[in-house]
Each structure stands twice: as structure tokens, then as C-alpha cells.
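>>> sharing a sequence plus its predicted fold:
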Amino acid sequence: MAFRLFGFDVEIRLSFWLSTILLASGGNFDANTIKRIMVWTPVVLVSILVHELGHAFAIRWQRLQPSIMLYYMGGLTSWREVLPVSRGARIIISLGGPFAGFLLGAVVFGGVFVAERLGMPPLTGWLRVAYYYAIWVNFGWGLVNLMPVLPFDGGHVLEHALGPKRRRIALMVSAAVGIALCLYFLAAWDAWGRLWGAYLFGSAAASSVIALRGEAPVKRVIPTKSASDDGGAPLINARAALDADDPAAAIGIAQRVLESKPSEAVRIEANTIVVWAELMRSDTGAAERALMEIRRIREPDRALTGNLSLAAGRLSEARSILEKAYIDGDRRKEVFGPLIQVLLRQDAHARAAEVALERFDALSSDDARQVAELALEGRAYIGAAKLFERVGSREKSRADVVAAARAYAKGGEPGPALDTLRKAFVNGVVSETDVRGDSELGPLLGEAPGAERGA
């Protein structure tokens with residue numbers, strides 16, 4: 001099911017309906033359970049849709065175009081940009097969902113409270129049940145979702161607050177809290193809902209442990225003083241301010257260094273810091289002026305000029321500069337990240353996927369997945385499939401593996417589609433039963449020799 005709501009593309013997959021019904025039923029389908037499902041399902045649908053709309057409106061506030069997908073007992077809101085979203089903005093986006101749910105819960109609670117105070121008859125029967133479901137899903141699940149466990153919203157808030165250099169800490173906290181919550185829910189094993197909670201947090205904790213094992217410890221480098229004594233040392237602090245997302249502090253330090261009339265080398269470094277900091281503040285005019293100061297001495301770093309061209313909206317110029325730097329062997333994130341962004345904006349989806357694949361180890365799974373989704377929309381099916389496959393292998397994610405197989409199939413490559421699924425069957429990421437009901441992939445399994453032995 002797909003439709004548009006408030007200008008957002010929304011897709012609801014079959015797995016959302018199945019998991020919602022399963023959670024309501026507890027595996028029992030008597031007459032009373034059927035009624036409970038009929039009440040529970042629309043409440044969950046509206047509540048989770050409002051949650052994802054909270055994310056979507058926060059993303060739109062960043063001038064990005066999001067899309068929403070509901071699947072299993074949750075959803076995913078992604079946007080049509082790669083890499084330039086700041087950590088602060090990502091925190092706001094992550095909090096947008098739970099707080100939208102809190103707002104809906106408050107409206108429901110307040111509406112019923114006011115209606116009863118005005119003398120209207122109290123809710124009874126299944127209406128009362130629906131009211132309690134709405135309160136629980138929006139308040140109770142909203143609070144649970146704020147726990148610092150990845151991939152829940154609270155885990156993403158922690159991850160973005162700590163920053164990429166402290167990702168190991170975020171994963172350790174996620175694993176520890178996830179294990180603790182899993183044990184808490186298991187203590188009430190007789191309650192179906194709590195058993196579901198134990199599964200959710202247990203699988204989340206396992207994913208964090210797996211990611212932690214693959215995450216290399218950050219090596220701390222003690223900066224040495226510049227060969228020049230006329231400002232090189234203070235610029236270390238300016239660089240640290242940039243790393244801490246504090247552009248104002250970085251500019252202040254760099255400008256004080258420039259006022260001391262330093263050597264050419266230090267002037268270049270100070271103005272380079274100013275350009276990057278002004279780009280963080282979206283002041284392209286000030287960045288251009290600092291770049292001109294560098295040009296008075298020598299040709300600036302191509303990553304710098306390429307990013308400035310991108311920020312100023314000169315896409316063709318940015319692509320030319322960044323492509324040349326990348327082809328010449330510059331593999332810095334400041335080169336390939338904005339290059340991918342430019343390529344996507346210019347609808348060069350196949351090339352964007354190619355660069356993302358080459359630099360996959362330096363990309364987060366979220367960023368790689370976004371490139372794959374946009375490549376898929378741009379009909380760069382094979383590049384999208386390879387990216388989804390790499391993400392699925394890294395994250396042990398069923399959704400990404402299935403997306404990879406679908407992309408291969410759309411690209412006219414049934415062989416790689418089947419190979420991807422067979423690997424997933426062997427590794428236990430996907431079961432053959434899951435795939436056989438898929439309208440695109442099921443027929444492929446039926447045609448494959450020995451398909452019944454795939455699981």
C-alpha cells in the first residue's frame with residue numbers, strides 16, 4: 001500500500017499488518033481476540049504513522065525531502081540527501097517521532113478528560129480499550145523508544161550527541177542497556193507483550209555487540225606544534241573546535257591568529273579553518289572571502305573549493321573539482337561525501353552508487369542505505385543492489401537483503417538475486433518462507449533448481 005500524506009510518500013508493507021496482528025493476538029485467534037485485533041490495529045497504524053510524521057516534519061524543517069515506510073512493528077523515515085545533516089539536526093529529527101506521539105497521546109487523553117468533565121458519558125467497552133491502547137502506544141512505547149539503545153530513537157540521539165568519534169561508547173551503552181531491558185522483560189515471561197519487548201531489546205543488543213566487534217577503536221593522536229611558532233599551536237584548538245561542531249569558536253581562534261600577521265603557511269591553515277567553519281554556518285559569502293585569501297598565496301585544497309561550490313549551488317563546478325580530486329586518488333570523506341551528494345542531485349545515480357561502493361567501509365550504514373534507495377529510484381538497479389547487499393551483510397538486516405534481491409531482479413539479474421537470497425538463507429538472516437510470499441522474489445525461487453533445499 002502506497003499513498004501521499006502531507007506531501008510525504010508513505011508505503012505500508014504487508015509485514016507491518018502481520019506483525020501488528022500477531023502482537024495483538026498473542027498467537028490465539030478466538031472471537032474475543034479478533035475484536036481486539038480490530039481495535040488494536042487502527043490505533044497502532046495511526047500512532048506509528050504520527051510518530052513517523054514527527055520525524056518527517058523535522059526532516060522537512062531541514063529543507064530535505066523525506067519518505068515514510070511502515071514495516072514490521074515500526075517504521076522508517078528516510079530523506080533524499082546524503083551526509084550534510086549536522087549532528088544537532090539529526091538529534092532533532094530523532095526526537096521528532098517520540099514527541100509527536102506524546103502530542104497525540106496528550107490530545108487523546110485531554111479530549112476524553114474534558115469530554116467526561118463536560119458531562120458526556122464515559123467511554124465503555126471497546127472504545128475504552130481503544131483509549132487505553134492509544135495511551136500506551138503513544139506514551140508507553142514513546143518512552144521505551146527513547147531508551148539509549150540502537151536502532152531506537154533514543155539510541156540515535158545518544159549516537160549523534162556523542163559524535164562519530166565516540167561511536168564505540170554509544171554501541172557499548174546500547175548493548176548494556178539493551179541486555180538489561182531484555183532481562184527485565186524476560187522476568188515477566190508469561191506476558192506476551194513483555195516477551196515481545198524482550199525480543200526487540202535482545203535483538204537490538206545483539207546488533208550493537210556485533211557492530212561493536214567490527215568497530216575499530218579510535219586512535220588518539222597527540223597533536224604536535226607547527227614548525228612555525230607564529231600561530232601554529234593555537235590552530236590545533238581551532239581544529240578541535242571544528243571537530244566539536246563549534247564553528248564560532250574555530251573562527252574566533254583563527255581570526256586572532258590572522259591578526260598576529262603570521263607566516264604564509266599559517267595564514268593558509270587559518271583561512272582554511274575559517275572556510276570550513278563558515279560552511280558549517282552556511283555563510284558561503286564569508287567562506288568565499290576566506291578562500292580568496294588562500295588564493296592570494298596558492299591554489300586551495302580541492303576538497304575545500306569543491307565543498308564551497310556545492311554549498312553555493314554550483315553543482316557542475318563542484319562535480320568537476322571533486323571528481324578530479326577523487327580520480328587523482330584523494331579518498332578523504334570531504335571529497336567522496338560531497339561528490340556522492342552532487343552526483344545524486346545531478347541524477348548520476350549509477351556513478352554515485354559506484355563511489356559509495358568504493359568507499360563503503362568509510363560510510364555509515366544509514367548513509368549507504370540512503371544512497372542505495374536513491375539509486376533504486378534513479379533506476380541504477382545493480383549499484384543499488386550491491387549497496388543494499390553490503391549493508392545487509394554488515395547489519396545482518398533482513399530488509400536490506402530482500403531489498404538487494406529485489407533490486408537485482410529489477411535490473412534483470414535473477415542469478416545474483418537468487419545468490420543473495422541463498423546466502424541469507426544459509427546465514428539465517430532470511431527464511432525461504434518469508435520470501436516465497438513476495439510477489440517479486442517468490443517466482444524466482446520457484447524457478448530455481450533445488451530451491452526447496454535453499455533454507
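Done, it's in.
>>> any idea how far residue 104 is from residue 144?
16 Å (C-beta to C-beta, to the nearest Å). C-betas here are computed from N, CA, C, even on glycine.
>>> neighbour count winner among those two?
Between residue 104 and residue 144, residue 104 has the larger neighbour count (other C-beta atoms under 10 Å), namely 22 against 16.
>>> wait, what's in contact with residue 48?
70, 74, 75, 137 (C-beta atoms under 8 Å, 6 or more residues apart in numbering).
>>> and those residues as CSV, adding distance to residue 96?
Compiled in CSV, the contacts of residue 48 are given as follows (distance: C-beta to C-beta, whole Å):
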residue, distance to residue 96
70, 16
74, 15
75, 13
137, 17
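>>> tell me the domain ranges of this protein?
Domain assignment for the chain by automatic domain parsing gives 2-214, 347-455.
>>> just how off-centre is the longest one within its chain?
In this view, domain 2-214 has its centroid 15 Å away from the chain centroid, taken as C-alpha atoms, centre = their mean, to the nearest Å.
>>> which of the contacts of residue 48 count as buried?
70, 74, 75, 137 (16 or more other C-beta atoms under 10 Å).
>>> returning to that earlier point: which stretch in the domains of the chain has the least confidence?
Across these, the stretch with the lowest average pLDDT is domain 347-455; it has a mean of 80.
>>> check contacts around the closest residue to residue 154 other than its chain neighbours.
Using C-beta to C-beta, 6 or more residues apart in numbering and skipping the chain neighbours, the partner closest in space to residue 154 is residue 146 (4.0 Å). Contacts for residue 146 (C-beta under 8 Å, 6+ apart) come out as 98, 152, 153, 154, 157.
>>> let's have those in a markdown table, adding secondary structure and distance to residue 315.
Listed next are the contacts of residue 146 as a markdown table, based on DSSP: H, G, I helix; E, B strand; the rest coil; distance: C-beta to C-beta, whole Å:
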| residue | secondary structure | distance to residue 315 |
| --- | --- | --- |
| 98 | helix | 36 |
| 152 | coil | 36 |
| 153 | helix | 33 |
| 154 | helix | 37 |
| 157 | helix | 33 |
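>>> what about residue 248, how many residues close to it?
11.
>>> confidence score at it?
84.
>>> and the gap between it and residue 257?
15 Å.
>>> just the strands in the stretch 51-200 of the chain please.
66-71, 74-79 (DSSP state E, counting those that start in this stretch).
>>> out of the ones you listed, nearest to residue 415?
strand 66-71 (26.8 Å; C-beta to C-beta).
>>> quickly run through the sheet partners of the closest one, with directions.
strand 8-12 (parallel), strand 74-79 (antiparallel) (DSSP bridges).
>>> any chance of TSV for those strands, columns distance to residue 108?
As requested, the strands paired with strand 66-71 are exported to TSV (distance: least, C-beta to C-beta, whole Å):
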stretch	distance to residue 108
strand 8-12	22
strand 74-79	20
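>>> secondary structure element for the most centrally placed residue in the chain?
By C-alpha atoms, centre = their mean, the chain has its centre lying nearest to residue 366, at 4.1 Å. Assessed by DSSP states H and E, residue 366 sits inside helix 365-377.
>>> could I get that helix in PDB with only the CA atoms?
The C-alpha trace of helix 365-377 is given here as PDB (Å, rounded to 0.1, in the frame of the first residue of the first chain):
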ATOM      1  CA  SER A 365      25.100   2.000   7.200                       C
ATOM      2  CA  ASP A 366      22.400   4.800   7.200                       C
ATOM      3  CA  ASP A 367      24.200   6.800   4.600                       C
ATOM      4  CA  ALA A 368      25.000   3.800   2.400                       C
ATOM      5  CA  ARG A 369      21.300   2.800   2.600                       C
ATOM      6  CA  GLN A 370      20.200   6.200   1.600                       C
ATOM      7  CA  VAL A 371      22.400   6.100  -1.500                       C
ATOM      8  CA  ALA A 372      21.000   2.700  -2.400                       C
ATOM      9  CA  GLU A 373      17.400   3.900  -2.000                       C
ATOM     10  CA  LEU A 374      18.100   7.000  -4.200                       C
ATOM     11  CA  ALA A 375      20.000   4.800  -6.800                       C
ATOM     12  CA  LEU A 376      17.000   2.500  -6.900                       C
ATOM     13  CA  GLU A 377      14.700   5.400  -7.500                       C
END
